[in-house]
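For reference, the sequence and a predicted model appear below.
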Amino acid sequence: MIKLDMSTALFLYLFFSVFLVLLTWIFLNFGTKQKTFSSEEKYLWHCSICGYTYIDSHHDEISQCPKCESYIEKISP
């Protein structure tokens, strides 16, 4: 029979638990691509009513603020 004291058994239990979580995390995230958002200035909108800043890549000239739902016209620099 193998004799283990309590501290060795606890160390082995924690070590293999962390190793299993790390291995699962690597396996599940392998090959997944991170979503990136474009930070180009043409997609960045700032509401002059509520001050909310958001990204809208669907509209070029006018957009609706998602927070206060007011319409914002893009001012070109």
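Now that the structure is in, tell me what you want to look at. Numbers count the residues shown, from 1 in each chain.

helix, strand or coil for Leu28?
helix (DSSP: H, G, I helix; E, B strand; the rest coil).

What confidence value was assigned to it?
As summarised for this prediction, Leu28 has a pLDDT of 85.

next one: Thr24
pLDDT, Thr24: 92.

Point me to the helix or strand that includes Tyr54.
Assigned by DSSP states H and E, Tyr54 belongs to strand 53-55.

Quick one: neighbours of Trp45, just the number.
When counting by other Cβ atoms under 10 Å, one arrives at 19 neighbours for Trp45. C-beta here means a position set from N, CA and C on the backbone, and glycine is covered the same way.

Next: Ile72.
Ile72 sits with 20 neighbouring residues when counted by other Cβ under 10 Å.

so where do the helices sit in this protein?
6-29 (DSSP state H).

Specify the beta-bridge partners of Ile55.
For Ile55, the beta-bridge partners under DSSP bridges are Leu44.

Please name the bridge partners of Ile62.
Glu73.
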